[in-house]
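**Student:** mind looking at a prediction? Sequence and model below.
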Amino acid sequence: MDNRVQHEESLDPSDWRQLRQLGHRMLDDMFDFMQTAREKSVWQPIPSEVLEALAEPLPQQGQSEEATYEEFLKLILPYSLGNFHPRFWGWVMGNGTPLGMLADMLASGLNPNLGGGEQVPNHVEHQVVEWCRQMFEFPEGSSGLLVSGGSVANLIGLAAARTARAGFDVRKEGVTGSRAPLRMYGSVEMHSSLQKAVELLGLGDRALRRLPVDERYRIDTTELRRQIEADKQQGMRPICVIGCAGTVNTGGLDPLDELADIAEEHNLWYHIDGAFGALAYLSPEMRPRLEGLSRADSIAFDLHKWVYLPFEVGCALLRDEKVHRATFALTPAYLSHGDRGIAAGPPWLSEYGLQLTRSFRALKVWMAFKTYGAAKIGRLIKQNIDQANYLGALVRAEPNLEQLAPIDLNVVCFRYVAPELDETALNKLNQELLIRLHESGAAAPSGTTLGDRFALRCAITNHRSQRQDFDQLVAEVLQLGGQIRKEASVQASK
């Protein structure tokens, strides 16, 4: 036996005082970054030299923490996507809070695994899920899980639907055990994550029936009823209706209460994709617009959107805990639960989803509701909806702008128009306008296509936005649109 003293290493710093100083500097720098967000460009192109610097070989030897942080300041901080900025309205992204950043730091410091076990972080997540249950007026005993976001929450909801309504033991037999093809139903405005979920569940894309929408981008319930009956007559097995509480393109609200009636009539699971829109339920003024939400069997929603938290934290909320657990629970010997000791505690969260390794996402949610309260978050959500209507009014007041969809929640779709241009030319103009708007750093909406018309799309889930930001957006769009229009006229005259 070798009794010589071996040199053993650790990743703790050799000088805690020095790292503490660096940590305080990092904290101050990030607070400055957030505090001065309005002074920055929303986005800027990444210089080639930055990409070249990042594309280095795997480092074999380390460097000081200070040197690494300096590279972060130079290469990473200036070129992140600007969803922290008050004029970022691209896709649907919440923009985080200073408190949320600190909560993530605390969670990383504790570094718990929330798969299960007797530790307070597990109790915190159970409490956060209980708050979500209360928030949406689900019955006591309902179940839920914090996940990365709406995509996984949708997958959990549809997986539970398959378990509950397939008519056989899906986990044992697989989907090939079905004597009839399984079918799910939603509108053509459904989020793409629902298609991915259906595919991952082994049902195939053709199992997802896409129904037309009306002029407000709401599912056609007459056609839905017809399709369900037609599928039954053809020997198929309808299992789930999907409602949208805020469609991704326009923020349209499906008739949630009527969809609940249809699901009940046909004994179908009722899933609501409420990625951002479901949280409007926190606003007393908006709650009547979401009537029927509390009748769902499952809801998917993102707390990192309209609770304004840092990525990533979404939630799947399910009415039937037994179905939820039956869909995912699997307890091998090495994960046996106990009545005492570390393996005791509340129900293991790993038995309600895909992950055994789970971060402490719940801490930032817990701290947000404790600090701000649900009422204030509801007011901020209503503020964003009011801002969307303010932007809509600005658009309608300008002869060179056109609103392309109704404003039901927080999404505004519009475009620059010119009487001398046909639809093809207008689409080309607005596509170029969006790129120039991004490159200017002034504002960052996203783009989408409604029918055959390209639209600038502002999805407002931003607690830093103020009405002056929408005034600036409209001014920038008019200026850039006029510039591109003039360039096109000059080009055409040559």
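**Tutor:** That came through fine.
**Student:** for the top helix by length along the chain, packing partners?
**Tutor:** Scanning the chain for the helix with the most residues, using DSSP state H, yields helix 362-397. With contacts defined as 3 or more CB pairs under 8 Å, 6 or more residues apart in numbering; DSSP states H and E, helix 362-397 has these neighbours: helix 98-110, helix 120-135, helix 303-306, strand 401-403, strand 411-416, helix 467-493. Using the backbone N, CA and C atoms, a C-beta is placed for each residue, glycine as well.
**Student:** who wins for proximity to residue 439 among these?
**Tutor:** Closest of those to residue 439 is helix 467-493, at 9.9 Å (criterion: CB to CB).
**Student:** what about the stretch 351-494 of the chain, any weak spots by pLDDT?
**Tutor:** Low-confidence segments of the stretch 351-494 of the chain (pLDDT under 70): 494.
**Student:** err, the chain, not the other one
**Tutor:** Counting by pLDDT under 70, the ranges of the chain that qualify are 1-3, 494.
**Student:** any chance you could map the strands in it?
**Tutor:** All strands of the chain, identified by DSSP state E, fall at 88-89, 143-147, 182-187, 208-211, 237-244, 269-273, 298-302, 314-318, 401-403, 411-416, 444-450, 453-459.
**Student:** and those strands as JSON lines, adding mean neighbour count and distance to residue 103?
**Tutor:** Putting those into JSON lines (neighbours: other CB atoms under 10 Å; distance: least, CB to CB, whole Å) gives the following:
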{"stretch": "strand 88-89", "mean neighbour count": "30", "distance to residue 103": "21"}
{"stretch": "strand 143-147", "mean neighbour count": "25", "distance to residue 103": "13"}
{"stretch": "strand 182-187", "mean neighbour count": "25", "distance to residue 103": "34"}
{"stretch": "strand 208-211", "mean neighbour count": "20", "distance to residue 103": "37"}
{"stretch": "strand 237-244", "mean neighbour count": "27", "distance to residue 103": "30"}
{"stretch": "strand 269-273", "mean neighbour count": "29", "distance to residue 103": "26"}
{"stretch": "strand 298-302", "mean neighbour count": "30", "distance to residue 103": "17"}
{"stretch": "strand 314-318", "mean neighbour count": "28", "distance to residue 103": "16"}
{"stretch": "strand 401-403", "mean neighbour count": "17", "distance to residue 103": "38"}
{"stretch": "strand 411-416", "mean neighbour count": "26", "distance to residue 103": "28"}
{"stretch": "strand 444-450", "mean neighbour count": "19", "distance to residue 103": "26"}
{"stretch": "strand 453-459", "mean neighbour count": "25", "distance to residue 103": "24"}
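**Student:** tell me the contacts of residue 272?
**Tutor:** By CB atoms under 8 Å, 6 or more residues apart in numbering, the residues touching residue 272 are 242, 243, 244, 245, 256, 278, 293, 296, 298, 299, 300.
**Student:** and of these, the nearest to residue 90?
**Tutor:** Nearest to residue 90 among the contacts of residue 272, with distances taken as CB to CB, is residue 244, at 19.9 Å.
**Student:** which residue, other than its chain neighbours, is closest to that closest one?
**Tutor:** residue 254 (4.8 Å; CB to CB, 6 or more residues apart in numbering).
**Student:** could you check how many residues crowd around that neighbour?
**Tutor:** Residues contacting residue 254 under the criterion other CB atoms under 10 Å number 29.
**Student:** that one and residue 82: what is the separation?
**Tutor:** 31 Å (CB to CB, to the nearest Å).
**Student:** how about residue 58?
**Tutor:** 30 Å.
**Student:** more neighbours: these two, which one.
**Tutor:** Higher neighbour count among residue 58 and residue 82: residue 82, with 22 against 4, using other CB under 10 Å.
**Student:** I'd say the more buried one and residue 89 touch.
**Tutor:** No. Using CB atoms under 8 Å, residue 82 is not in contact with residue 89, being 10.5 Å away.
**Student:** quick revisit: CSV please, covering the contacts of residue 272 and showing distance to residue 236.
**Tutor:** Below are those laid out as CSV (distance: CB to CB, whole Å):
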residue, distance to residue 236
242, 16
243, 20
244, 23
245, 27
256, 25
278, 29
293, 28
296, 23
298, 22
299, 26
300, 25
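**Student:** tell me the one of those nearest residue 462?
**Tutor:** Distances from residue 462 to those, taken by CB to CB, are shortest for residue 278, at 18.0 Å.
**Student:** around the closest one, how many other residues sit close by?
**Tutor:** For residue 278, the number of neighbouring residues by other CB under 10 Å comes to 29.
**Student:** so how far is residue 312 from it?
**Tutor:** Here residue 278 is placed at a distance of 17 Å from residue 312 (CB to CB).
**Student:** only C-alpha atoms, please: export stretch 431-443 in CSV.
**Tutor:** Written as CSV, here are the backbone C-alpha positions of stretch 431-443 (Å, rounded to 0.1, in the frame of the first residue of the first chain):
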residue,chain,number,x,y,z
GLN,A,431,-39.8,41.7,-44.5
GLU,A,432,-37.0,44.1,-45.2
LEU,A,433,-38.5,46.6,-42.8
LEU,A,434,-38.4,44.0,-40.0
ILE,A,435,-34.7,43.2,-40.6
ARG,A,436,-33.7,46.9,-40.7
LEU,A,437,-35.7,47.5,-37.5
HIS,A,438,-33.7,44.8,-35.8
GLU,A,439,-30.4,46.0,-37.2
SER,A,440,-31.1,49.5,-36.1
GLY,A,441,-31.4,48.2,-32.5
ALA,A,442,-34.5,50.4,-31.9
ALA,A,443,-37.0,47.7,-31.4
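**Student:** nice, that's everything, thank you.
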